[in-house]
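> Below is the structure, and that's it, no one-letter string:
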């Protein structure tokens, strides 16, 4: 009985050892299999991530869809080297004149309205000048004295037995009066009166207090401040009238100080304003100011713009393009072949067989005459969609359903 019990216990112990060994072997096999599986998959995943980049989007077109686009070879275009700036239009100060009277007075009448065209020496307004009144009063007095001395000389010369001294005195008085009359006439002529007006004044013995102020240049009335009764003084603003030659305007643009070296006097300028979006005005750089604005670090560039029809108005905002260098030939494609993506990048569509088209990200530069400079992404000689690139991008976003 004891032997049987002893044998049974040994059998159980052996079975337990065997079971434990089986479990250990199974666990080792399981762990070994897991480790081998992870080791096998990792290289493939890494290879896929690093050696197989995502392919560029492509679109296949049918024969009918090809009619919606144009295909050209990437070529070149001459781009002028230009700088752009925003500024304002103003009258040319050196062609604009504030018309003040030469003497103080009150305005009697204005003859010309704001915006009217005037000729040189055309009357603009009249003033009642105390200085003119005084000069005319002196003229009338001098004329009366001259007449009196003439009569006295004639009387002395007609009397018998007149002494030589009395006769010489009469002659001296007449000559003095004649000189005073001439000086008085010249004093009135300085005010702008004509010889005929002076003669009429002497004959009638009446003064004319109206001093006529004339336009010193031909042009257009650009400012008016001449109501009747207004006291005006020489050089005391505002001027009763301002007259400007409006066939030439100024444009004032502020450019970054870093671009200052690009600008030179006489460079051609092209101007566009919102009032005439389809037109351009031509001019040239006339002045580069010496100082730099310490707040904006910009330099003011002044250009003279030809405006023969007087269409530009002072204060208009304008876009200025200044050609700072001769044209350069660079790689370019038509503007309709470039698409702006939602993320702001620029793209073009290239093809090798004129049926399958691949989108390619590009970098662009200058734009002119419907051409876009290509800085990177395309090579000359490649086939590219030159018109209808948007059509392909739309197909990529929402391809047609079968």
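Yes, it's here. None of the values given here were measured: they were computed from a predicted structure. Numbering: from 1, shown residues only.
> C-alpha only now, for contacts and for neighbours.
Noted.
> my guess is residue 379 contacts residue 74, does it?
Yes. With contact defined as Cα atoms under 8 Å, residue 379 reaches residue 74; the gap is 6.8 Å.
> Need the residues touching each of the two.
Counting by Cα atoms under 8 Å, 6 or more residues apart in numbering, the common neighbours of residue 379 and residue 74 are residue 331.
> So for those two, which sits in the more crowded spot?
Neighbours per residue (other Cα atoms under 10 Å) separate residue 379 from residue 74, with residue 74 holding more: 20 against 15.
> could you list every residue that touches that one?
331, 332, 333, 378, 379, 380, 381, 382, 383, 384.
> For it, which non-adjacent residue is spatially closest?
Leaving aside its sequence neighbours, residue 74 sits nearest to residue 380 (Cα to Cα, 6 or more residues apart in numbering; 4.7 Å).
> do you know how far residue 366 is from residue 208?
Residue 366 is 69 Å from residue 208, where distance means Cα to Cα, to the nearest Å.
> now do residue 137
10 Å.
> same deal with residue 321?
From residue 321 to residue 208 the distance is 56 Å (Cα to Cα).
> What of residue 193?
According to Cα to Cα, residue 193 and residue 208 sit 9 Å apart.
> And residue 306, how close does it get to residue 341?
Distance of residue 306 to residue 341, given as Cα to Cα: 41 Å.
> So for the two, which sits in the more crowded spot?
Neighbour totals were compared for residue 306 and residue 341, and residue 306 leads with 17 against 12 (other Cα under 10 Å).
> List the beta-bridge partners for that one.
On the basis of DSSP bridges, residue 306 is bridged to residue 248.
> mind listing what it touches?
Neighbour list for residue 306: 247, 248, 249, 281, 282, 283 [criterion: Cα under 8 Å, 6+ apart].
> Contact partners for the closest residue to residue 231 other than its chain neighbours?
Counting by Cα to Cα, 6+ apart, residue 106 is the residue found nearest to residue 231 once chain neighbours are left out, at 4.2 Å. Going by Cα under 8 Å, 6+ apart, residue 106 touches 127, 128, 129, 228, 229, 230, 231, 232.
> The third one contacts residue 104, doesn't it?
Yes. Proximity of residue 129 to residue 104 meets the contact threshold set by Cα under 8 Å, at 6.0 Å.
> So the two - more neighbours on which side?
Of the pair residue 129 and residue 104, residue 129 is the one with more neighbours under other Cα under 10 Å, namely 24 against 19.
> What is the neighbour count of the closest residue to the more buried one other than its chain neighbours?
In space, and not counting its chain neighbours, residue 129 is closest to residue 105: 4.3 Å by Cα to Cα, 6+ apart. Using other Cα under 10 Å, residue 105 has 23 other residues around it.
> what's the spacing between residue 105 and residue 395?
Counting by Cα to Cα, the separation of residue 105 from residue 395 is 79 Å.
> Going by residue numbers, what spans are strands in the stretch 101-250 of the chain?
For the stretch 101-250 of the chain, applying DSSP state E, counting those that start in this stretch gives strands covering 105-110, 117-118, 123-128, 210-214, 219-224, 231-232, 241-244, 248-256.
> which residues touch the next helix-or-strand element following the longest one?
Going down the chain from strand 248-256, the next helix or strand is strand 268-273, by DSSP states H and E. Where contact means Cα under 8 Å, 6+ apart, the residues beyond strand 268-273 that reach it are 279-285, 303, 316-323.
> so which of the residues you listed is the most crowded?
Greatest neighbour count in the contacts of strand 268-273, by other Cα under 10 Å, goes to residue 303: 30 neighbours.
> What helix or strand is it located in?
Assessed by DSSP H and E, residue 303 sits inside strand 298-306.
> what's the following helix or strand after that strand?
Next helix or strand after strand 298-306 toward the C-terminus (DSSP H and E): strand 317-334.
> Let me know the angle separating that next one from strand 298-306.
When axes from the mean of the first three to the mean of the last three Cα atoms, to 10 degrees is applied, the directions of strand 317-334 and strand 298-306 differ by 90 degrees.
> Strand 317-334 pairs with which strands?
Listed by DSSP bridges, the sheet partners of strand 317-334 and their directions read strand 75-91 (antiparallel), strand 268-273 (antiparallel), strand 371-376 (antiparallel).
> Redo those as CSV? Include mean pLDDT.
Below are those laid out as CSV (pLDDT from 0 to 100):
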stretch, mean pLDDT
strand 75-91, 88
strand 268-273, 92
strand 371-376, 93
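> Compare those strands and report which one is nearest to residue 180.
With Cα to Cα as the criterion, residue 180 lies closest to strand 75-91 of those, at 46.6 Å.
> So which residues make contact with the helix or strand just after the closest one?
As assigned by DSSP H and E, the chain's next helix or strand after strand 75-91 is strand 96-99. Around strand 96-99, the neighbours that count as contacts under Cα under 8 Å, 6+ apart are 213, 214, 215, 216, 217, 239, 240, 241, 242, 243, 244, 245.
> Measure how buried residue 295 is and give me the count.
6.
> Equivalent analysis for the one 10 residues further on, please.
By other Cα under 10 Å, the residues close to residue 305 number 25.
> same deal with the one 3 residues further on?
Burial of residue 308 is recorded as 11 neighbouring residues (other Cα under 10 Å).
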